[in-house]
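**Student:** Have a look; sequence and predicted model below, questions after that.
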Amino acid sequence: MLPDEKPDPRQIEIYRRMPPEKRWELAEQLYWTARELKASALRAEHPDWTEAQVAAEVRRLFLHART
């Protein structure tokens, strides 16, 4: 999150009231969406790569990701 970005208090409250399994489901959806977006970016950057190469690079990047 950028320093000038702050979550809306209403959004925070919605997440707090959510059951843990729903929060987990949303987190999992976010994770897989991030992987799909990274794969799309890699395909655009490397149009000559096979799907296997794209998948391997996505795995490698997510395995070694740091925050």
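**Tutor:** Received, thanks.

**Student:** Next, name the residue at the spatial heart of the chain.
**Tutor:** Ala34 (2.8 Å; Cα atoms, centre = their mean).

**Student:** Check the gap between the nearest residue to Ala55 once chain neighbours are set aside and Glu45 for me.
**Tutor:** Of all residues not flanking Ala55 in the chain, Ala39 sits nearest, at 7.2 Å (Cβ to Cβ, 6 or more residues apart in numbering). Yep, even glycine has a C-beta here, placed from its N, CA and C like the rest. Noted for Ala39: a distance of 11 Å to Glu45, by Cβ to Cβ, to the nearest Å.

**Student:** The two: which is more packed in?
**Tutor:** A direct count of neighbours by other Cβ atoms under 10 Å for Ala39 and Glu45 places Ala39 higher, at 16 against 10.

**Student:** Relative to the whole chain's centre, how far out is the strand or helix carrying that one?
**Tutor:** When elements are assigned from DSSP states H and E, Ala39 belongs to helix 20-45. On the basis of Cα atoms, centre = their mean, to the nearest Å, helix 20-45 is displaced by 4 Å from the centre of the chain it belongs to.

**Student:** Same question for it: list its buried residues.
**Tutor:** Residues 38-39, 42 are the ones in helix 20-45 that count as buried (16 or more other Cβ atoms under 10 Å).

**Student:** Contacts only, for the residue in the chain sticking out farthest from the centre.
**Tutor:** Within the chain, the residue lying farthest from the chain centre (Cα atoms, centre = their mean) is Asp48, at 24.4 Å. With contacts taken as Cβ atoms under 8 Å, 6 or more residues apart in numbering, Asp48 has no neighbouring residues.

**Student:** Tell me the confidence at it?
**Tutor:** pLDDT, Asp48: 98.
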